[in-house]
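> got a predicted structure plus its sequence, pasted below:
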Amino acid sequence: MRSASDDLTTRARIRDTAIAAFARDGFDATSLRSIAREVGVSPALIVHHFGDKNALRAECDAYVVSVFIDEEHVVIEAPTRDRIRAAMHDIERYGPYIDYLARMLVDGSPAADGLFDRLLDATRGVFEDQRNAGVLEPMSDPEMTILLVTLIGLGPVVMRAQMARALGSDQLSPAGLRRMTVPTLELLTHGIYSTTALLDGARAALADDAEAEKGSDS
């Protein structure tokens, strides 16, 4: 007879095997039977734990998002040299989760939309924590900024092959991540322009447009 801890361990093994299988073969091409075969359990046990394949995918989504967000919280809350170094050197542990996101975000399904929404909500939560900690600059449109930061984070995942082609090496490797870390944080911390001329011009142009629209409506 299985103990509760055995059931939890089996559930985690099913989830992790499903993450790897969905990343490797895609959701549609992966059956509960093939996952069960890899884990060494019956398909009925997967149904017992998760209900169906869609529910299993939802749990995989939630787990993968939590892995990345939990790690991000750890580094942001105490950005010490040791924690940042550990995060950069630990990238290989996240390989299956990175592959999962890369595959599942672009399959064109409602579930892919749901996965993106989970990531966006997680970024929103991180921003809220940072705002409460007083480490964020004021934003003219926080929701748009949250979306853009989410896209910046997902870019190297979804465009991994193109980045490797452009730079000559995989940027989601320990060496690649070391190269990418400082430029990314420079962009987020300081921006890239040395003057506010472009920003000032854009704000003025948008204000003119808003004023013109207001006049045409009256």
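That came through fine. Keep in mind it's a predicted model, so treat the numbers as computed, not measured.

> with just CA atoms, put the helix-or-strand element of the chain with minimal mean pLDDT into CSV.
The weakest-scoring helix or strand in the chain, judged by mean pLDDT, DSSP states H and E, is helix 81-89 (a mean of 71). Included here for helix 81-89 are C-alpha records, laid out as CSV according to Å, rounded to 0.1, in the frame of the first residue of the first chain:
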residue,chain,number,x,y,z
ARG,A,81,27.4,38.1,-5.0
ASP,A,82,27.0,34.5,-3.9
ARG,A,83,23.3,34.2,-4.8
ILE,A,84,23.8,35.8,-8.2
ARG,A,85,26.8,33.5,-8.9
ALA,A,86,24.8,30.5,-7.8
ALA,A,87,21.9,31.4,-10.0
MET,A,88,24.2,31.8,-13.0
HIS,A,89,26.0,28.5,-12.5
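
> other SSEs contacting the helix or strand just after it?
Helices and strands here follow DSSP states H and E; after helix 81-89, the next one along the chain is helix 95-104. When contacts are defined as 3 or more C-beta pairs under 8 Å, 6 or more residues apart in numbering; DSSP states H and E, helix 95-104 sits against helix 4-25, helix 53-77, helix 110-133, helix 142-158. Using the backbone N, CA and C atoms, a C-beta is placed for each residue, glycine as well.

> of the ones you listed, which is nearest residue 98?
Nearest of the helices and strands packed on helix 95-104 to residue 98, taken as C-beta to C-beta: helix 142-158 at 5.7 Å.

> quick one: the closest one to helix 53-77, angle?
In this structure, helix 142-158 runs at an angle of 110 degrees to helix 53-77, with axes from the mean of the first three to the mean of the last three C-alpha atoms, to 10 degrees as the basis.

> let me see the mean pLDDT of helix 142-158.
In this model, helix 142-158 has a mean pLDDT of 94.

> got the CA positions of whichever helix or strand comes after it in CSV?
If you walk from helix 142-158 toward the C-terminus, the next helix or strand you reach (DSSP H and E) is helix 160-167. Extracted as CSV, the C-alpha positions of helix 160-167 are listed here (Å, rounded to 0.1, in the frame of the first residue of the first chain):
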residue,chain,number,x,y,z
ARG,A,160,17.2,30.8,-28.2
ALA,A,161,18.3,29.5,-31.6
GLN,A,162,18.4,32.9,-33.2
MET,A,163,20.5,34.3,-30.3
ALA,A,164,22.9,31.4,-30.6
ARG,A,165,23.2,31.9,-34.3
ALA,A,166,23.8,35.7,-33.9
LEU,A,167,26.3,35.4,-31.1
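
> can you redo the helices and strands packed on helix 95-104 as JSON lines with distance to residue 101 and mean neighbour count?
As requested, these are arranged in JSON lines below (distance: least, C-beta to C-beta, whole Å; neighbours: other C-beta atoms under 10 Å):
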{"stretch": "helix 4-25", "distance to residue 101": "8", "mean neighbour count": "17"}
{"stretch": "helix 53-77", "distance to residue 101": "6", "mean neighbour count": "16"}
{"stretch": "helix 110-133", "distance to residue 101": "8", "mean neighbour count": "15"}
{"stretch": "helix 142-158", "distance to residue 101": "5", "mean neighbour count": "15"}
